[in-house]
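A.B. asks: pasting the sequence and the predicted model now:
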Amino acid sequence: MIEPVKGMPDVLPHDQGYWDFLEDTLKRIAYQFDFTRIRTPLLEKTELFIRSVGKQTDLVQKELYSFKTKGGDALTLKPENTVPVMRAYLENGMKMWTQPVKLYYLDAFFRHERLSHLTWRQFHQIGFEEIGLDGSGVDAELIYIAHRFLTAIGLDNYEFQVNTLGDEACQGAYLSVLRDYLKTNKQPLCVNCQGRIAKRPLSVLDCKEEKCQRVARIAPKTIDALCEPCREHFKEVLELLDELEVPYALNPFVVRGLEYYARTIFEIWLLRDNELDPGAALGGGGRYDGLARQIGGEATPGSGFGLGVERIIETMRERGIQPPYAKQGGVFIAQLGFQAKKRAMRLFAELLSEGMPVHSSFARDSLSAQLRMADKLGTDYAVVLGEKELYDRSVILRDMRTGNQETLELKDLLSELKNRLALS
């Protein structure tokens, strides 16, 4: 038996209710906020991620699924979608569209991460990207959309962890101060963080090692290094979140793992037993005004976020949240005997052609098994056709809600069903 690739699980039919529910909710929220869907290719040129995410990040160093084609092209299975969306924005002349361009997606992504029950190597994300304007209202709107989506699927007990990195000028000044501090306090840090001081000092603040967290807790804060425009931008974002009643907290240790972020950033942490669990973040995002220039385009403001689908579904299961299953309704055609099955198939096709919501299970011969399926599907009526009914040119019509049944002439069935379904 050939085993599946580790960390790339199947999504089985009994799980589809969650996926359908999330996608339906996503489409509804996107429509409310005037976002339209984008689908980017599964593969991108490897250089796109190296230039945008950063050569020294764990994503590029350890997690990319990259390879060379027979023609020598270096390609990568996309590990995230903000960079491909910005590439598509620039390549397709979206700068000429009405700004901001508001895009959403539901897609699969790939990262060679260490496996656990909350991480996968093929995973899916829901995402929203708003490109073309840099106002604080864009950042607040996106955080509010994430909040609306999570509440719409029944989740609560989470909190947005919000921070700001400032713009390039602010970051330059801050990183200089942070490096000096970390060099002075290098000894207590883990080996990985000691190696990050020179090129990736921000990542030290995000380390989960307790000894590194102790150093981070008293490190200089990004908010103290902000220029006045960045300070005002962040202040406005927070005031808007207050107005929208979004549950958030200021967290100077949230830095995100990718180098293209600037100004507002955030993560969504679950509350477990009234305590925040940063290890089970549902997603995150932020502003990336320098990204377009990093991949070769003109400076273009942008902001966005992504939510992990598998992680959300796992959380829904943990909290006993079941997706609402739509009642199928309509008619179920049941049959008993091969000759009756032939006529039932023709009847099935006739009802379909009349626009009737009709179901069946022709693979089953047992009448009781067929009626159990009709009940499971939530149909209103079952039409039963056996050898006797075939001879009499009649059918048995069973009300699946009451269990009452009666015999009808076959020629009267269509009009009777139309009347009854119109009244139900």
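C.D. replies: Looks like it came in fine. Residues are numbered from 1 along each chain as shown.
A.B. asks: buried residues in stretch 50-65?
C.D. replies: Applying a neighbour-count criterion of 16 or more other Cβ atoms under 10 Å, one finds 50-54, 57-60, 63-65 buried in stretch 50-65. C-beta: built from backbone N, CA, C; applies to glycine.
A.B. asks: of these, which belong to strands?
C.D. replies: Judged by DSSP state E, strands contain the following of those: Y65.
A.B. asks: JSON lines for the buried residues of stretch 50-65, including pLDDT and distance to L307?
C.D. replies: Formatted as JSON lines, the entries for those read as follows, by pLDDT from 0 to 100; distance: Cβ to Cβ, whole Å:
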{"residue": "I50", "pLDDT": "89", "distance to L307": "26"}
{"residue": "R51", "pLDDT": "88", "distance to L307": "26"}
{"residue": "S52", "pLDDT": "85", "distance to L307": "21"}
{"residue": "V53", "pLDDT": "80", "distance to L307": "19"}
{"residue": "G54", "pLDDT": "70", "distance to L307": "23"}
{"residue": "T57", "pLDDT": "71", "distance to L307": "21"}
{"residue": "D58", "pLDDT": "71", "distance to L307": "21"}
{"residue": "L59", "pLDDT": "76", "distance to L307": "18"}
{"residue": "V60", "pLDDT": "77", "distance to L307": "23"}
{"residue": "E63", "pLDDT": "86", "distance to L307": "19"}
{"residue": "L64", "pLDDT": "90", "distance to L307": "22"}
{"residue": "Y65", "pLDDT": "92", "distance to L307": "22"}
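A.B. asks: so V204 sits against R217, correct?
C.D. replies: No. The criterion here is Cβ atoms under 8 Å, and V204 misses it with R217 at 11.8 Å.
A.B. asks: the more surrounded of those two?
C.D. replies: Relative neighbour count places V204 above the other of V204 and R217, with 28 against 10, counting by other Cβ atoms under 10 Å.
A.B. asks: and stretch 411-419, what's buried?
C.D. replies: With the criterion 16+ other Cβ under 10 Å, stretch 411-419 contains buried residues 413, 417.
A.B. asks: which ones are touching the residue nearest to D73 when sequence neighbours are not counted?
C.D. replies: Once its chain neighbours are removed from consideration, D73 has its nearest residue in K45; the separation is 7.2 Å (Cβ to Cβ, 6 or more residues apart in numbering). Contact partners of K45, counting by Cβ atoms under 8 Å, 6 or more residues apart in numbering, are 73-76.
A.B. asks: in the sheet, who's paired with K45?
C.D. replies: Here K45 sits in beta bridges with L75, going by DSSP bridges.
A.B. asks: was I right to think F266 contacts Q161?
C.D. replies: Yes. Contact between F266 and Q161 holds when scored by Cβ under 8 Å: they sit 6.2 Å apart.
A.B. asks: can you check which residues contact both of those two?
C.D. replies: When contacts are counted by Cβ under 8 Å, 6+ apart, the set common to F266 and Q161 consists of 248, 254.
A.B. asks: neighbour count winner among the two?
C.D. replies: More neighbours surround F266 than the other of F266 and Q161, with 27 against 21 (other Cβ under 10 Å).
A.B. asks: relative to C227, how far out is the nearest residue to that one once chain neighbours are set aside?
C.D. replies: On the basis of Cβ to Cβ, 6+ apart, the spatially nearest residue to F266 that is not a chain neighbour turns out to be V162, at 4.7 Å. Distance of V162 to C227, given as Cβ to Cβ, to the nearest Å: 19 Å.
A.B. asks: ok, L150 next?
C.D. replies: Summarising the geometry, the distance separating L150 from C227, computed by Cβ to Cβ, is 33 Å.
A.B. asks: when the two are compared, which one has more neighbours?
C.D. replies: Neighbours of L150 and C227, each counted by other Cβ under 10 Å, are more numerous for L150; the result is 20 against 13.
A.B. asks: burial count for M1?
C.D. replies: The local packing count at M1 equals 2, with neighbours defined by other Cβ under 10 Å.
A.B. asks: confidence score at it?
C.D. replies: Residue-level confidence at M1 comes out at 89, pLDDT.
A.B. asks: let's have the chain start at 14 instead
C.D. replies: Shifting the count to begin at 14 puts that one at M14.
A.B. asks: show me what contacts it?
C.D. replies: So, once contact is read as Cβ under 8 Å, 6+ apart, M14 ends up touching nothing.
A.B. asks: same check on V66?
C.D. replies: Contacts of V66 by Cβ under 8 Å, 6+ apart are 72-73, 93, 96, 271-273.
A.B. asks: quick revisit: show me which pair in the contacts of K58 is furthest apart.
C.D. replies: Farthest-apart pair in the contacts of K58 is D86 and T89; separation 10.5 Å (Cβ to Cβ).
A.B. asks: re earlier: return a ChimeraX selection command for the buried portion of the contacts of K58.
C.D. replies: Typed into ChimeraX, the next command selects the buried ones out of the contacts of K58 (criterion: 16+ other Cβ under 10 Å):
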select :88,89
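A.B. asks: all good on my end, thank you.
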